[in-house]
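[1] 3D, please:
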Amino acid sequence: MDQLTILVLNLIFILFSTFVFQYILINKYTNLYRKHAKLFVIVLGGIQILFCMSFTVIGSADFIFDLRLIPVVVGGLYGGPVVSILLFIIVAAARIPFGGNGVWINFFNMLTITILTIYLSGKFRSFPLSRKLYTVVAIALSYTVLIFLMKAAVFDDLSKFQFMLLYGLALSGGIFIVTYYIEIMRQNQLLHKAVLKSDKIEVVSQLAASVSHEVRNPLTVTRGFLQMLKDPSIDEEKRLYYLNTAIDELDRAETIIKDYLNFAKPQSNKASLISVKEEVEKALELILPYANHFSVNIKKDLMAGMNISGETVKFHQCILNIIKNGIEAMPNGGDLVISCREMANNHVSITIEDTGCGMSPQQLAKIGEPYFSTKAEKGTGLGMMVVNNIIQEMGGTMDVKSKLNEGTIFKITLPLYDTEKRET
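    Numbers count the residues shown, from 1 in each chain. Reported below is the predicted structural model:
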């Protein structure tokens, strides 16, 4: 390979490994990276240094040239003094087997650059982008001038001007590109976090406003009736009506707060093996008296032997919420059918179908939105938000089909747990 090809190969590997490091480790395993950030930067820098020194340009019998300076400088500036010192040790140790007088020039120049990097590392992160780029390019040019001057002055080994220009441009251009690339990735990460934080704040604000509005209504009604109870002239029948209405409104406020807390409470993520048939049957046993009260006939068709992974309590809550909604959609009675079937793609489908009032396309499009409910003043809409969250946590999906005055079909699809092991 010619000189330019080798230097470009060095740069491509540094950029590629930096991208992999950023995308896989920092983005996917953020907590692990935060605990051992310096160690990971040292490992990455060490790998880049060893790769660059495996593909070098032979300047003479005693001197080799590559882009090892880039991981040393960049790693030291972003990682701090400890990282800088350890990367210097890696470079010095890796250069010894090559031999020649260049070992001492490499040691002296790298030591000089390391000291400068340690000095700048405390201030570097606070620099604006333009100043960071100027700084790393200045270090690269200084290193280039220093190494060729010492090579010529101390060992009387003058390099060709064309090669000096090529190496200086490759080194300074390379460190410019790598630093700019890292800064762009860091800015994108910060922007992404800011957007997520803004979205969370907006959701919390919307929910807080909705809760405030929904709770204020029953409290206002309750306050009005309690004030009316002060009137000694009202008869006992009206007094009893006012009391019952006030209690009903307080119960409605309690339901709103309960639904909000169910939606907002932190997740425990304690997954376990769930038998779909057994847990659905348990949910049906709990809801049966409620169904009888509404004259709803429950039919079930449950396939045995299907297991999923998740939290049993949340799975119960999910199934109960949907069944309860189906029952309440049939105030004059009807049929509710729940079935479980294994699908061909190692998933299980749970279908809950009612013959209730159904929903219009406009209502169906809003299902799961905060405080949208087809139950008028009795519903909060947070129940379906909880259901959506639970299904998503379990890695599943939910599909809803509905027609006015015909009924609604909820189809939940969840991944089976360890299918091959279960079959054996």
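
[2] Counting neighbours, what do you get for residue 232?
    6 (other C-beta atoms under 10 Å). Any C-beta I mention is one placed from the backbone N, CA and C, and that applies to glycine too.

[3] An error on my part: the question was meant for residue 169.
    15.

[4] On the three-state scheme, it is what?
    Three-state call for residue 169 (DSSP: H, G, I helix; E, B strand; the rest coil): helix.

[5] Just after the strand or helix carrying residue 34, pick out the following helix or strand.
    Assigned by DSSP states H and E, residue 34 belongs to helix 30-35. As assigned by DSSP H and E, the chain's next helix or strand after helix 30-35 is helix 37-54.

[6] follow-up on the earlier one: now the helix holding residue 34, how far from the chain's geometric center?
    The chain centre lies 14 Å from the centre of helix 30-35; the measure is C-alpha atoms, centre = their mean, to the nearest Å.

[7] Just the CA atoms of it, as CSV, please.
    What follows is helix 30-35, C-alpha atoms only, in CSV (Å, rounded to 0.1, in the frame of the first residue of the first chain):
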residue,chain,number,x,y,z
THR,A,30,-25.4,4.3,29.1
ASN,A,31,-25.3,3.3,32.8
LEU,A,32,-22.4,0.9,32.2
TYR,A,33,-20.5,3.5,30.3
ARG,A,34,-21.0,6.1,33.1
LYS,A,35,-19.6,3.7,35.7
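
[8] So for that helix, what gets flagged as buried?
    Neighbour-count burial for helix 30-35, with 16 or more other C-beta atoms under 10 Å as criterion, is recorded at residue 33.

[9] List of residues touching that helix?
    Outside helix 30-35, the residues within contact range by C-beta atoms under 8 Å, 6 or more residues apart in numbering are 25, 26, 40.

[10] was I right about the second one contacting residue 192?
    Right, the one you point to is residue 26. No - applying C-beta atoms under 8 Å, one finds residue 26 not in contact with residue 192, separated by 11.6 Å.

[11] Which one's more surrounded, these two?
    More crowded of residue 26 and residue 192, by other C-beta under 10 Å: residue 26, with 17 against 11.

[12] Nearest residue to that one in space, please, no chain neighbours.
    Nearest non-adjacent residue to residue 26, counting by C-beta to C-beta, 6 or more residues apart in numbering: residue 33, 5.2 Å away.

[13] gap between residue 279 and residue 45?
    51 Å (C-beta to C-beta, to the nearest Å).

[14] ok, those two, which is more surrounded?
    Just comparing residue 279 and residue 45: by other C-beta under 10 Å the higher neighbour count belongs to residue 45, 30 against 16.

[15] leaving aside the residues next to it on the chain, what's closest to the more buried one?
    In space, residue 45 is closest to residue 75, 3.7 Å off (C-beta to C-beta, 6+ apart).

[16] pLDDT averaged over the helix or strand that neighbour falls within, what's the number?
    In this structure, residue 75 sits in helix 69-79 according to DSSP H and E. Mean pLDDT, helix 69-79: 91.

[17] Which strands or helices does that helix pack on?
    Applying 3 or more C-beta pairs under 8 Å, 6 or more residues apart in numbering; DSSP states H and E, we find helix 69-79 packed against helix 3-20, helix 37-54, helix 81-95, helix 102-124, helix 129-155, helix 161-228.
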